[in-house]
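S.K.: Structure for this input, please:
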Amino acid sequence: MPYYSWQGVNIFGDVKKGKAFARSDKDLDQMLFSRNIALIGYKNIKIYRFFGKISAEDKIHFFRQLAVLLDSGVRLPDSLMIICDQAKNVRLKELVFNIEVDILHGVALSESLSKYPDIFDDVMIQIIKVGQESGKLGACLLQLSDYLEEKQKFYKKLQSASILPIITLGFFLIITFVIFAFVVPKFADVLSSIGKDLPTLTQYILKISEFLRSNIFIFFLLFFVSFVFLIKKYVKIPAIKKLSDKTSVNISIYRESFLVTFLRSISMMLKGGVRLVPAIHIASSSIKNKIIKSQIEALGRDVYAGSSLSQSMIDYGGKLFSQDLIAIVKVGEETGQLGIMLDKAADIYQQKISRSILFFTTIFQPLLMILLGLLITLLIFAIYVPIFSLASAV
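M.R.: Below you'll find the model as predicted:
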């Protein structure tokens, strides 16, 4: 879609400037004329699509702003036009413009959003569809923005908690490399001049140092990085994916992180008016881990056959659903407040993850420092002991 920088004048004679998407210069002229602006001049602007993307914050702001405008009585096309004009992200501006064009041509909002599956997932589209059918689109959009905001806060908390261990690990690896690549070689000539067999540990240390300073190591490092990048981006090996999925399921923090997202998704859809079976099906469609996906799909089939959700979790959940969670779900079913109880269960698991991360970060950094101290002690024994033995011999 062409992107224009335009200049015009309104009915009061004030000069106006702006940027907008339009199908052609004639459409740009008509669009501005509908806003009581006469087009004076324009020029095309090139968009570099590899720069920038529509972030989670952009989507949250889009849904929340659209909800507020609709609840204020503004028509959907006009609301989209206002958001498009105010958007600072060019990619978001283009997206909203295309959605506005679809709405003006009679396409439903949920159908228009479904054209962009890499931006809007099935949960978002289903909630919006429910809002359209119930006549409560503004309320559903507000509920969706709250859900996305809570989800984003959770993932940001996970990311911020993992930064310190990553920095510590990186510092540990850099210090180790500096010691082997720059410190040990300074003693290599001295050790080689001793004229007698060096201890086995010293020989290994010198060989490691020599390898890290060789062209072979640089070639190996570049090859490894390129190989991992290509495998991850272009090659889909079923055996590797299966192993990765199986490993991930056995990691408690991964399982619990999935449960937080899964439970909140189901809870939000139930509160929005989606029935349980479609909610489970929609939630399972966005799961990438095949082992978890198969368990959730089996869960959905069992519920569809007439079983309760709590009983299905016992029969098909495997290690995924704990007894505590099943008990909470059962209470929700018996009281008719399943959506609320699933949301509370998500809060419990989120707090559990926070405690696990706090424990891990508390232990991990001192552990690396201890390992670094042991490494330095090992190097002292490997390098200085032969030198001291030579001095005592003299």
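S.K.: pLDDT weak spots in this protein?
M.R.: 1, 47-52, 189, 191-196, 231-237, 239-240, 387-394 (pLDDT under 70).
S.K.: Using the record's domain definitions, break it down for me.
M.R.: Domain ranges of the chain: 3-44, 56-149, 151-394, per automatic domain parsing.
S.K.: out of those domains, deepest packed?
M.R.: domain 56-149 (a mean of 18; mean count of other Cβ atoms under 10 Å). C-betas here are computed from N, CA, C, even on glycine.
S.K.: Over to it now: how far is its first residue from its last?
M.R.: 8 Å (Cα to Cα, to the nearest Å).
S.K.: chain center to it, what's the gap?
M.R.: 21 Å (Cα atoms, centre = their mean, to the nearest Å).
S.K.: again, but for stretch 169-185
M.R.: Per Cα atoms, centre = their mean, the centroid offset for stretch 169-185 relative to its chain is 32 Å.
S.K.: measure it end to end?
M.R.: 24 Å.
S.K.: Look up how far residue 62 lies from residue 248.
M.R.: Separation of residue 248 from residue 62 (Cβ to Cβ, to the nearest Å): 31 Å.
S.K.: Need the residues that contact stretch 318-328.
M.R.: 249-250, 255, 259, 292, 295, 310, 313-314, 317, 341-342, 344-345, 348-349 (Cβ atoms under 8 Å, 6 or more residues apart in numbering).
S.K.: One more pass at 10 Å, please.
M.R.: 249-250, 252, 255-256, 258-259, 262-263, 291-292, 294-296, 298-299, 309-314, 317, 329, 338, 341-342, 344-346, 348-349, 352 (Cβ atoms under 10 Å, 6 or more residues apart in numbering).
S.K.: For residue 84, see how far away residue 53 is.
M.R.: For residue 53, the distance to residue 84 - Cβ to Cβ - is 17 Å.
S.K.: repeat for residue 181
M.R.: 54 Å.
S.K.: same question, residue 91
M.R.: Taken as Cβ to Cβ, the span from residue 91 to residue 84 is 12 Å.
S.K.: before we move on, what about residue 124?
M.R.: Taking Cβ to Cβ, one finds residue 124 at 19 Å from residue 84.
S.K.: Could you do residue 279 as well?
M.R.: Taking Cβ to Cβ, one finds residue 279 at 32 Å from residue 84.
S.K.: ok, now residue 367?
M.R.: 51 Å.
S.K.: Tell me where the chain has strands.
M.R.: 3-10, 15-21, 37-44 (DSSP state E).
S.K.: mind checking which of these is nearest residue 136?
M.R.: Closest to residue 136 of those is strand 15-21 (Cβ to Cβ; 29.8 Å).
S.K.: so what strands line up beside that closest one?
M.R.: strand 3-10 (antiparallel) (DSSP bridges).
S.K.: residues in contact with the partner strand?
M.R.: 14-22, 24-25, 27-29, 31-33, 35-47, 90, 93-94, 97.
S.K.: Now with 7 Å, please.
M.R.: Applying Cβ atoms under 7 Å, 6 or more residues apart in numbering, the contact partners of strand 3-10 are 15-22, 28, 32, 36-45, 47.
S.K.: same deal with stretch 251-259?
M.R.: 158, 248-249, 292, 320, 349, 352-353, 356.
S.K.: With distance to residue 145 as extra columns, can I get those residues in TSV?
M.R.: Formatted as TSV, those follow (distance: Cβ to Cβ, whole Å):
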residue	distance to residue 145
158	21
248	29
249	31
292	27
320	28
349	22
352	26
353	23
356	28
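S.K.: Taking the centroid of the chain, which residue is nearest it?
M.R.: residue 155 (7.1 Å; Cα atoms, centre = their mean).
S.K.: Which secondary structure elements does the longest helix that the chain contains sit against?
M.R.: Assignment by DSSP state H gives helix 338-393 as the longest helix of the chain. When contacts are defined as 3 or more Cβ pairs under 7 Å, 6 or more residues apart in numbering; DSSP states H and E, helix 338-393 packs onto helix 137-178, helix 184-192, helix 200-212, helix 252-272, helix 323-335.
S.K.: could you check the angle helix 137-178 makes with it?
M.R.: 10 degrees (axes from the mean of the first three to the mean of the last three Cα atoms, to 10 degrees).
S.K.: quick one, helix 338-393 and helix 323-335 angle?
M.R.: 170 degrees.
S.K.: Distance from the chain centre to helix 338-393, please.
M.R.: 25 Å.
S.K.: tell me the angle it makes with helix 252-272.
M.R.: 160 degrees.
S.K.: Helix 338-393 to helix 200-212, inter-axis angle?
M.R.: 110 degrees.
S.K.: any idea how far the closest residue to residue 381 other than its chain neighbours lies from residue 385?
M.R.: Counting by Cβ to Cβ, 6 or more residues apart in numbering, the nearest residue to residue 381 once its immediate chain neighbours are dropped is residue 201, at 6.9 Å. Taking Cβ to Cβ as the measure, residue 201 and residue 385 are separated by 9 Å.
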